[in-house]
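Enquirer: the sequence and its predicted three-dimensional model are supplied below.
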Amino acid sequence: MGAVLGFLDDGESLDFSDIQPARKLAENGFASSVLHGVASEIATLAGPIATVSSLFNAAELSSSSDLPHVLALLPPEPVVYPAVISGLASTHPDLIGQIQHFHVRLAFARKTTIAGLMASSGPSTTTFGIQPDVLADIWRELCQAAIDILDSASDRSVAFEPQSTRLPRLRDVLSRAATGQTPCIMADGSLEIPGIAERRLQPRYAVSWQAWLQADGDWQPITLFDIARGGIGAEGSLQLVPGQSVSLAVGDQQLKGKIAWACDQRFAVEFDRPLSYNDALLEAARDQGSLS
């Protein structure tokens, strides 16, 4: 100790005035920057969360769903939040409470899913009794917790870079997954992870078209909400099951396909034969034109 004191008192002491290890995060807007980083991390996690939730929702609809591959799609453990948690208490205490709630739910969802599926001897149940519908509830609640943070942070003008332009899309898929739908499962059965692995080979176009669907009976009115070369997403008051053959009347075209997924009143149809790139339906969707 004496040697240390002698070193510091020898006339050439180091200048520590610029080093502030104990600086409060609330000073100089630093807390705001940290909060932006946490919010952006949550926005990045939203896509995988909605994807896993979509898969568990699908498992409730079909007992043949293969759940073990969910482990490869789990959202990663947060990096930013654990590093700054101790410095966030002084800013937006209600929002910080929501953030803490979200991370507790995320950790619980990850651990329960890993333990459950790794111990599972089959797709219907885990060896210690966790049913897929219980896991689906856990992920739906996590989706809602993420929505609450996105909404609260937006109300406080917290930035979400680099995900800010995708927030409407992220919030939409979270909302749909939270209500038991499967927004990340495409019409052809493939997965789309919003913000991370969104497919570009077959772009989907948002539409609002009236159409007709026949499934083992009379033609029933439906509303299309998106269309791609490989299929459509729609809603209507029909009882449909995955794999069911159907016929579609859209504009002046009649198409055949099968139900890729169905949840509540929403469903997707995979076409038996993909549309051509210059099909009139795709052209109308690109131009947001109306169907005759």
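Expert: Here it is on my side, so go on.
Enquirer: number of residues surrounding the closest residue to Asp279 other than its chain neighbours?
Expert: Leaving aside its chain neighbours, Asp279 sits nearest to Arg229 (7.7 Å; criterion: CB to CB, 6 or more residues apart in numbering). Any C-beta I mention is one placed from the backbone N, CA and C, and that applies to glycine too. Counted with other CB atoms under 10 Å, the neighbours of Arg229 add up to 19.
Enquirer: what residues are up against Arg229?
Expert: Applying CB atoms under 8 Å, 6 or more residues apart in numbering to Arg229 gives the contacts Gln202, Phe271, Pro274, Leu275, Ser276, Tyr277, Asp279, Leu282.
Enquirer: quickly find the element holding the residue nearest the centre of the chain.
Expert: Note on the chain: the residue nearest the mean C-alpha position is Ala50, at 2.6 Å, using CA atoms, centre = their mean. Assigned by DSSP states H and E, Ala50 belongs to helix 30-61.
Enquirer: check whether Ala268 sits in a helix, strand or coil.
Expert: Three-state call for Ala268 (DSSP: H, G, I helix; E, B strand; the rest coil): strand.
Enquirer: one step back: how much space separates the residue nearest to Asp279 from Ala280?
Expert: Going from Arg229 to Ala280 by CB to CB, to the nearest Å gives 13 Å.
Enquirer: tell me the first helix or strand C-terminal of the host helix or strand of Val207.
Expert: Using DSSP H and E, Val207 sits in strand 205-214. As assigned by DSSP H and E, the chain's next helix or strand after strand 205-214 is strand 219-228.
Enquirer: relative to strand 205-214, how tilted is that next one?
Expert: Counting by axes from the mean of the first three to the mean of the last three CA atoms, to 10 degrees, strand 219-228 points 150 degrees away from the direction of strand 205-214.
Enquirer: check the contacts of Arg229 and tell me the two furthest apart.
Expert: Among the contacts of Arg229, the pair separated by the greatest distance (CB to CB) is Phe271 and Tyr277, at 13.8 Å.
Enquirer: of these two, which one has the most company?
Expert: The neighbour comparison of Phe271 against Tyr277 (other CB under 10 Å) goes to Phe271, with 20 against 9.
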